[in-house]
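Peer 1: no sequence on this one, just coordinates:
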């Protein structure tokens, strides 16, 4: 049998600019460029992330206001009295819906909930900042339907 010389296998490609016995890594300039690119991408993403948080806050607040408006027929029926829903800026202190600071409810025409829980319908806008959602109140029990 022939005597074969055994040498360790080195699978790394040969590079002419790397010193012998050392592997090539990233330079400081390459790392700084990568960090700069990541910083730019982060700055570009921040406004959309902030807007996403605003949309979630609007959805949660809107959900509470919609629930309160949906309950108005039952409240009128259980208390045996008429309830009038007007725009929140025209409320006289006895507003039937709790509107958080910075929110508004706009009603095209006053919505009258009779003592028996029936109402004539109308259109309601829920507004916070630049967000607005419009609903129709469908008679006879004024169920909210998104436009």
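Peer 2: Thanks, I have it. These numbers come from a predicted model, not from an experiment. Residues are numbered from 1 along each chain as shown.

Peer 1: can you list contacts of the helix or strand of the chain with the lowest mean pLDDT?
Peer 2: Lowest on mean pLDDT, DSSP states H and E among the helices and strands of the chain sits strand 143-146, with a mean of 88. Contacts with strand 143-146, where a contact means CB atoms under 8 Å, 6 or more residues apart in numbering, come from 66, 69-70, 124, 133-138. In short, each C-beta sits where N, CA and C put it, glycine included.

Peer 1: ok, the residues you listed vs residue 31, which is closest?
Peer 2: residue 133 (47.0 Å; CB to CB).

Peer 1: pretty sure the closest one sits against residue 62.
Peer 2: Yes: Residue 133 lies in contact with residue 62 (CB atoms under 8 Å); the separation is 6.0 Å.

Peer 1: shared neighbours, these two?
Peer 2: residue 126.

Peer 1: give me the pLDDT for residue 39.
Peer 2: In this model, residue 39 is scored at 94, pLDDT.

Peer 1: would you list every one of the helices in this structure?
Peer 2: For the chain, the helices defined by DSSP state H occupy 28-79.

Peer 1: okay, now the unreliable bits of the protein?
Peer 2: 1-23, 92-94 (pLDDT under 70).

Peer 1: how many neighbours does the residue nearest to residue 131 when sequence neighbours are not counted have?
Peer 2: Excluding its sequence neighbours, the residue lying closest to residue 131 (CB to CB, 6 or more residues apart in numbering) is residue 58, at 4.4 Å. Each residue near residue 58 was counted by other CB atoms under 10 Å, and the total is 19.

Peer 1: against residue 147, how distant is residue 58?
Peer 2: Counting by CB to CB, to the nearest Å, the gap from residue 58 to residue 147 is 16 Å.

Peer 1: return the distance of the least confident helix or strand of the chain from the chain's centre.
Peer 2: Its chain's C-alpha centre and that of strand 143-146 lie 21 Å apart, by CA atoms, centre = their mean, to the nearest Å.

Peer 1: do stretch 77-88 as well
Peer 2: The answer for stretch 77-88 is 31 Å, by CA atoms, centre = their mean.

Peer 1: so which bits of that stretch are buried?
Peer 2: 77, 83-88 (16 or more other CB atoms under 10 Å).

Peer 1: how about stretch 102-119?
Peer 2: 103, 105-107, 111-113, 117, 119.
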